[in-house]
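Q: Got a predicted structure here, sequence first:
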Amino acid sequence: MHHYTAFGLHIHSEISLPELAEGNQHSTPDVYIRQGAVELPSMRPTTIYRRGIRAFFGRNENAMFLDWAGVASFKASGGNELIVSPVASEASIISLFTVSEALGLILFQREYFLLHASAVEIGDEAWCFMGMPGAGKSSTAAAFIKAGCRLLSDDLTAITFDEGGKPAIIPAYPQLKIWEKTVNGLQYAESDLEPVSEGVRKFAYHPREQFPTRPVPLKRVFFLHKARNKPAVQQMSLAEIPGEMLRNFPLATELMSGDNLKRHFFQSIQCAKSAGLLRKRRPEGFDNLEKWVEASIREQLIAE
């Protein structure tokens, strides 16, 4: 049995998940990850792709299911059990798919507010970066980390709310995946990186020693884009925010109906009440990106 922590949870797992932070074997588990057979219900295609493979989603009264053909099937139950049925033989591939949307189903069942986003800690605040594929979420996070900030999440961001309704990002696990172009553009040392199985020319940075464990108050959310015909920075109106948050929901869109949709709308508004939500045109070129990052950090530290 392996023991990990991720998203504020103690995880006991029968399969190796090296992306996650090591946990205490004596801890009371919040989540069990087991290997076993998964009997899939009727499954429908999603807009989720990983390694170019489309995920299929299904559910019944007791559980939610994900299936990637040729890789693995997953069954999430009660927010505390994830069953993995591997097809692929490569352990790193199974781990990659397990700690992504499959673990996201567990977080969804625990009613975390989920976003397809990267996040970093700046001073005592959490800043979150979202956008369409290629908008530069991970590259922006990598630039902040190079400048001395701490990683909170990459790809899957989980938010909880205190009794007063204020949002905080729960640190995920110490891995940031970045393309080779970003590695070179930001001059990361390749000796500090590991190739990842998710795709060619992609690398993983593991800031294990500096990875935070406590929730960090959410204070800024940037919706990144590259459109030159739009302002460099633009404050979003309250009416725009729920729709934008919904577009960045990382799991199967059919989960967003009924009470789930109402909760997502309400939690989006809660985020807007505590954090600045901005449309941001990502600076062109890595030099300009780093200049914006340095100016942002300087302004934040002065404000504190």
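A: Received it, and whenever you're ready, just let me know what you need. Residues are numbered from 1 along each chain as shown.
Q: wait, what's in contact with Asn24?
A: Going by CB atoms under 8 Å, 6 or more residues apart in numbering, Asn24 touches His3, His10. (C-beta placed from N, C-alpha, C; glycine too.)
Q: Does it belong to a helix, a strand or coil?
A: coil (DSSP: H, G, I helix; E, B strand; the rest coil).
Q: what bits of the stretch 151-300 of the chain have low per-residue confidence?
A: Along the stretch 151-300 of the chain, segments meeting pLDDT under 70 span 197-200.
Q: go again using 90 as the cut-off
A: Residue ranges of the stretch 151-300 of the chain with pLDDT under 90: 155, 179-180, 189-203, 207-210, 226-233, 238, 282, 284, 298-300.
Q: Using just helix, strand and coil, how would you label the residue nearest to Arg279 when sequence neighbours are not counted?
A: The shortest distance from Arg279 to any non-neighbouring residue, by CB to CB, 6 or more residues apart in numbering, is to Gln234 (4.4 Å). Secondary structure, three-state DSSP: Gln234 is strand.
Q: Gln234: neighbour count?
A: Applying other CB atoms under 10 Å, we find 13 residues neighbouring Gln234.
Q: Contact partners for it?
A: Applying CB under 8 Å, 6+ apart, we find Gln234 in contact with Leu278, Arg279, Lys280.
Q: Export those residues as TSV, with columns for distance to Arg263 and secondary structure.
A: Below are those laid out as TSV (distance: CB to CB, whole Å; DSSP: H, G, I helix; E, B strand; the rest coil):
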residue	distance to Arg263	secondary structure
Leu278	24	strand
Arg279	25	strand
Lys280	27	strand
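Q: Closest one of those to Asp155?
A: Lys280 (18.8 Å; CB to CB).
Q: Near that closest one, how many other residues are there?
A: Lys280: 23 neighbours (other CB under 10 Å).
Q: Which residue lies closest in space to it, excluding its sequence neighbours?
A: Per CB to CB, 6+ apart, closest to Lys280 is Phe222, 4.4 Å.
Q: Now Lys262: which helix or strand?
A: helix 258-274 (DSSP states H and E).
Q: Next, the buried residues of that helix.
A: For helix 258-274, the neighbour count (16 or more other CB atoms under 10 Å) marks His264, Phe265, Gln267, Ser268, Gln270, Cys271, Ala272, Ser274 as buried.
Q: repeat for stretch 7-26
A: Using 16+ other CB under 10 Å as the test for burial, stretch 7-26 gives 7-13, 15, 17-21, 23.
Q: min pLDDT across those residues, which one?
A: Lowest-confidence member of those: Gly23, scoring 88 (pLDDT).
Q: follow-up on the earlier one: just want to check the distance between the residue nearest to Arg279 and Glu294.
A: 22 Å (CB to CB, to the nearest Å).
Q: Equivalent analysis for Ala143, please.
A: 9 Å.
Q: rewinding a little: return the list of helices and strands in contact with the helix holding Lys262.
A: Here helix 258-274 touches strand 113-116, strand 156-161, strand 167-170, strand 216-225, helix 241-247, going by 3 or more CB pairs under 8 Å, 6 or more residues apart in numbering; DSSP states H and E.
Q: residues in contact with the helix or strand that the first one is followed by?
A: Okay, so that is strand 113-116. As assigned by DSSP H and E, the chain's next helix or strand after strand 113-116 is strand 118-122. Contacts to strand 118-122, defined as CB under 8 Å, 6+ apart, come from residues 126-129, 137-138, 140-141, 144-145, 149-155, 157, 169, 176, 212, 216, 296-297, 300.
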